[in-house]
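In: Give me coordinates for this.
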Amino acid sequence: MARRGLLAGLGGVGLTLGLAACGQSAEAPAPTTTAHPVGSAKLELILLGTRAGPPPAADQAGISTALVVDGHTYLIDCGRGSVSQFAKAGLKFASIRSIFLTHLHIDHLADYYNYFVLGAANFAEPLGASGLVSVYGPGPAGGLPPKPGGGTAPTVATADPTPGTKAMTDNLNAAFAYSSNALMLAGGANPTAPIDVHEIAIPPIGADFTNRAPVMQPFPVMSDGTVTVSAILVPHGPVFPAFAFRFDTAYGSVTFSGDTTYTDNIPTLAKNTDVLVHEAINMEGTSLSPELRNHSLESHVEVQKVGAIAQRSGARKLVLSHIADSRPGPLDARQWHAWAQQGYDGEVIVGADLQTIVVK
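Out: As a prediction, this is how the structure comes out:
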């Protein structure tokens with residue numbers, strides 16, 4: 001089946017690329033939240049958005065998470081609506097130390113540059129008020145894979161069709177130059193000033209856009225005295241590179257799967273982690289063709305099998321985010337909880353937008 005036809009079929013069952021997610025059902029268990037002000041714990045997660053896939057949804061924001069450590073904020077992915085959710089959560093732009101991008105799919109990037117152009121316009125406490133904001137993300141892919149099924153596909157920006165995080169950011173700076181210059185004439189902050197991009201260097205293990213996620217050991221990304229971050233490659237369809245991240249702090253560890261299908265690299269990175277934040281899809285209850293099912297599983301993990309991954313990792317808590325259900329209608333969070341609990345002895349949380357999870 002041609003890719004356009006395949007994506008049309010995905011859309012017909014509420015799926016596309018990363019798969020479209022559905023809202024929580026009225027019968028779902030109440031999210032595990034906190035009664036204290038956001039940022040007052042030593043280590044906490046704020047799920048800014050939990051929806052998978054690019055299609056907009058009126059009641060959910062795209063995938064994005066804030067990890068807050070001693071009042072310092074680290075953003076993991078910046079999906080659609082992330083900036084608005086950040087403000088709703090009561091977080092402060094000046095608290096942002098770093099942004100981490102797991103991969104360069106639009107559902108993880110839609111609000112990335114908004115943090116800079118809109119955060120700089122927050123005159124009371126602009127982004128960068130506390131220093132540079134370090135961005136850690138993929139470098140250039142180096143090439144595009146063949147079109148599934150053969151033939152050719154249109155290509156945007158043929159001179160540089162697979163830019164990495166730095167070129168993407170430079171292009172965004174240029175694209176929004178007029179707005180930025182006009183606002184600076186009115187006394188606004190320079191949105192480009194706090195941006196400090198680091199493209200993540202992959203160890204020499206033979207990985208490239210044709211060998212995207214070989215079995216490997218975690219490697220260091222950064223350490224700033226508050227968090228130590230390591231990464232590992234994960235397989236996410238044709239995308240390269242795609243990363244999972246682990247954050248180690250004085251109060252515990254949190255590991256983010258990013259978008260991934262089944263891989264030994266996740267249990268390796270997440271070994272004995274306090275919290276594993278893992279993506280999940282459900283394809284039960286629909287009549288998907290074998291081709292469509294295989295296409296989905298090249299990029300994602302079924303919720304019925306996520307618990308076994310958390311168990312193998314030794315994770316103390318499993319949080320589902322980047323949630324996608326192939327069935328129409330509201331998400332049945334009770335059913336999802338039961339599915340994710342299979343083969344896992346720890347606590348399962350089916351994530352919801354703006355949910356706060358205290359680690360310590």
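In: what is the mean pLDDT for stretch 225-235?
Out: When pLDDT is averaged over stretch 225-235, the result is 98.
In: Ramachandran coordinates for residue 180?
Out: The phi and psi values for residue 180, taken as degrees, to the nearest 10, are phi -60, psi -40.
In: my guess is it meets residue 195, correct?
Out: No - using Cβ atoms under 8 Å as the test, residue 180 is too far from residue 195 to be in contact (11.6 Å). Where C-beta positions appear, they are placed from N, C-alpha and C, glycine not excepted.
In: Is residue 244 bridged to anything, and to what?
Out: According to DSSP bridges, the residues that bridge with residue 244 are residue 232.
In: now do residue 69
Out: Bridge pairing for residue 69 (DSSP bridges) gives the partners residue 43, residue 72.
In: Find residues that contact each of residue 180 and residue 195.
Out: In terms of Cβ atoms under 8 Å, 6 or more residues apart in numbering, residue 180 and residue 195 are both contacted by the residues residue 173.
In: what comes up buried for stretch 43-62?
Out: Under the neighbour-count criterion of 16 or more other Cβ atoms under 10 Å, stretch 43-62 has 43-55, 57, 60-62 buried.
In: distance between the ends of stretch 275-295?
Out: By Cα to Cα, to the nearest Å, the extent of stretch 275-295 from end to end equals 29 Å.
In: before we move on, what about stretch 203-210?
Out: Terminal-residue distance, stretch 203-210 (Cα to Cα): 16 Å.
In: distance between it and the chain's centre?
Out: Distance of stretch 203-210 from its chain centroid, counting by Cα atoms, centre = their mean, to the nearest Å, is 22 Å.
In: next one: stretch 179-196
Out: Per Cα atoms, centre = their mean, the centroid offset for stretch 179-196 relative to its chain is 27 Å.
In: Ok, stretch 187-199 next?
Out: Taking Cα atoms, centre = their mean, one finds the center of stretch 187-199 at 22 Å from the center of the full chain.
In: Distance check, the most centrally placed residue in the chain against residue 84.
Out: By Cα atoms, centre = their mean, the chain has its centre lying nearest to residue 77, at 4.2 Å. Using Cβ to Cβ, to the nearest Å, one obtains 15 Å as the distance from residue 77 to residue 84.
In: what do you get for residue 214?
Out: From residue 214 across to residue 84, the span is 38 Å (Cβ to Cβ).
In: And for residue 70?
Out: Counting by Cβ to Cβ, the gap from residue 70 to residue 84 is 25 Å.
In: for the stretch 1-150 of the chain, which spans come out with low pLDDT?
Out: Along the stretch 1-150 of the chain, segments meeting pLDDT under 70 span 1-39.
In: isn't residue 109 right up against residue 101?
Out: Yes - counting by Cβ under 8 Å, residue 109 does reach residue 101; the two are 6.8 Å apart.
In: which residues do those two both contact?
Out: Common neighbours of residue 109 and residue 101 (Cβ under 8 Å, 6+ apart) are 77-78.
In: per-residue pLDDT, residue 329?
Out: At residue 329, pLDDT is 85.
In: Tell me, how many residues neighbour it?
Out: Neighbourhood size, residue 329 [other Cβ atoms under 10 Å]: 10.
In: So it belongs to a helix, correct?
Out: No - according to DSSP: H, G, I helix; E, B strand; the rest coil, residue 329 belongs to no helix; its state is coil.
In: and the gap between it and residue 160?
Out: The spacing between residue 329 and residue 160, counted by Cβ to Cβ, is 42 Å.
In: Residue 182 now?
Out: In this view, residue 182 and residue 160 are 28 Å apart by Cβ to Cβ.
In: now do residue 286
Out: Distance from residue 286 to residue 160, by Cβ to Cβ: 39 Å.
In: same check, this time on residue 320
Out: Noted for residue 320: a distance of 36 Å to residue 160, by Cβ to Cβ.
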